[in-house]
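[1] just to be clear, the model below is a prediction. Sequence and coordinates:
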Amino acid sequence: MFKVLTLPEAFDSLPLREALWAEGIGHQITHDAPASPDSGEAKQVLWLADPEKLSVVVAMLERHSNGESLRDGGATPVSVHGVNPAGLWQLIRLTPLTWLVGLACCLTVLAQYSLGQAAVFQWLAIVPFELIGTQHIRPETLSATLSGEWWRLWSPSLMHFGVLHLVFNLLWLWVFGRQIEAIDGPWRFALVLLISGIAANLAQYAVGSVLFGGLSGIDFAVIGYVFIAARRRPALGYQIQRSLMIFMLIYLVLCMTPLSNAIGLGDIANEAHLGGLISGLVLGLLLPRRMRQKAN
């Protein structure tokens with residue numbers, strides 16, 4: 001992203017952001033704290049994916065200063081439920097892969113409830129397996145997957161164990177995966193999804209697990225990616241709090257101890273989390289776009 005202008009810290013940027021999303025203008029707003037108490041007040045910094053859209057932003061701010069609507073032609077229509085349909089469509093258009101993965105996970109969970117866990121797992125587990133009664137399985141080796149059923153290397157990421165598991169994982173994908181797709185583009189985000197999903201699943205399989213699933217390995221990957229990219233390429237506009245990264249690391253370590261079962265977390269795919277995080281950190285070093293910062 002390109003740094004185009006600064007705004008006073010007291011400026012209410014929410015209407016501006018809503019107007020920019022409605023116009024399909026990719027952007028980020030960050031807060032630039034003063035270097036010292038004597039160096040002036042904090043500022044809000046506006047970054048644009050396309051610096052040629054600066055003229056549109058300037059026109060919006062001029063209308064705002066005159067007491068007019070930010071967008072030319074009036075406010076964006078709002079539905080009876082308070083949802084901005086145009087704004088929602090713009091979000092989908094700007095980050096289609098994030099929405100597509102979320103939809104695929106929702107449909108998979110729906111299939112688990114309607115067709116049964118066993119039927120879906122037989123199609124999507126990392127290796128094929130045969131049911132023995134109702135309690136045991138006879139899994140094949142990874143060579144069965146590599147001999148033609150390649151989708152199994154990634155497909156466990158679609159399966160979830162309950163609605164809360166699904167919602168929790170989609171939340172992290174929405175917050176951080178959407179940043180990657182919006183800033184670095186769908187192709188780089190697709191690589192992150194593919195590589196981290198496979199890395200997480202293989203890491204979990206390596207410790208003898210077969211019946212596992214969930215986006216959590218990918219979630220750790222996108223968090224790691226954003227954390228590294230925000231520090232190595234700050235001009236791109238990635239945003240993540242250091243405290244959140246510390247919390248996720250504490251959660252990762254906690255889940256590897258007996259305390260996780262004691263407090264009711266149950267069985268956790270720890271190796272998938274670790275494999276996803278490592279792959280995300282590496283991809284965060286390699287994939288983010290290299291671009292020069294342009295200031296207004």
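    Great, that's in hand. Residues are numbered from 1 along each chain as shown.

[2] just how off-centre is stretch 17-26 within its chain?
    19 Å (C-alpha atoms, centre = their mean, to the nearest Å).

[3] just the CA trace of it, in CSV.
    Output in CSV follows, covering the C-alpha atoms of stretch 17-26 (Å, rounded to 0.1, in the frame of the first residue of the first chain):
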residue,chain,number,x,y,z
ARG,A,17,-13.7,4.2,5.5
GLU,A,18,-17.2,3.2,4.8
ALA,A,19,-17.3,5.5,1.7
LEU,A,20,-14.0,4.1,0.5
TRP,A,21,-15.2,0.5,0.8
ALA,A,22,-18.4,1.4,-1.0
GLU,A,23,-16.4,2.8,-3.8
GLY,A,24,-14.2,-0.3,-4.0
ILE,A,25,-11.0,1.6,-3.0
GLY,A,26,-8.6,-0.7,-1.0
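
[4] any stretches of the stretch 101-250 of the chain with poor pLDDT?
    The model of the stretch 101-250 of the chain has pLDDT under 70 over residues 133-135.

[5] now the helices: where do they sit in it?
    Ranges of helices within the stretch 101-250 of the chain are 117-124, 142-146, 163-172, 178-184, 186-205, 216-232, 242-255, based on DSSP state H, counting those that start in this stretch.

[6] of all these, which one is nearest residue 25?
    With C-beta to C-beta, the closest approach to residue 25 among the helices of the stretch 101-250 of the chain belongs to helix 178-184: 11.2 Å. Backbone N, C-alpha and C define where each C-beta goes, glycine included.

[7] from residue 248, how far off is the closest residue to residue 159 other than its chain neighbours?
    Using C-beta to C-beta, 6 or more residues apart in numbering and skipping residues adjacent in sequence, the residue nearest residue 159 is residue 213, 3.1 Å away. Applying C-beta to C-beta, to the nearest Å, the value for residue 213 to residue 248 is 20 Å.

[8] looking at these two, which one has more neighbours?
    residue 213 (28 against 19; other C-beta atoms under 10 Å).

[9] quick one: the more buried one and residue 53, what's the gap?
    41 Å.

[10] which parts of the protein are strands?
    For the chain, the strands defined by DSSP state E occupy 2-8, 27-32, 43-48, 129-132, 136-139.

[11] residue 204 is nearest to which of those?
    The nearest among the strands of the chain, by C-beta to C-beta, is strand 136-139 at 13.2 Å.

[12] can you list the strands that that closest one pairs with?
    The partner list of strand 136-139 in its sheet, established with DSSP bridges, is strand 129-132 (antiparallel).

[13] hey, C-alpha coordinates of the strand it pairs with in CSV?
    Extracted C-alpha coordinates of strand 129-132, given in CSV (Å, rounded to 0.1, in the frame of the first residue of the first chain):
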residue,chain,number,x,y,z
PHE,A,129,-9.6,-45.6,6.0
GLU,A,130,-12.0,-48.4,6.5
LEU,A,131,-14.5,-48.4,9.4
ILE,A,132,-14.3,-51.4,11.7
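
[14] thanks a lot, catch you later.
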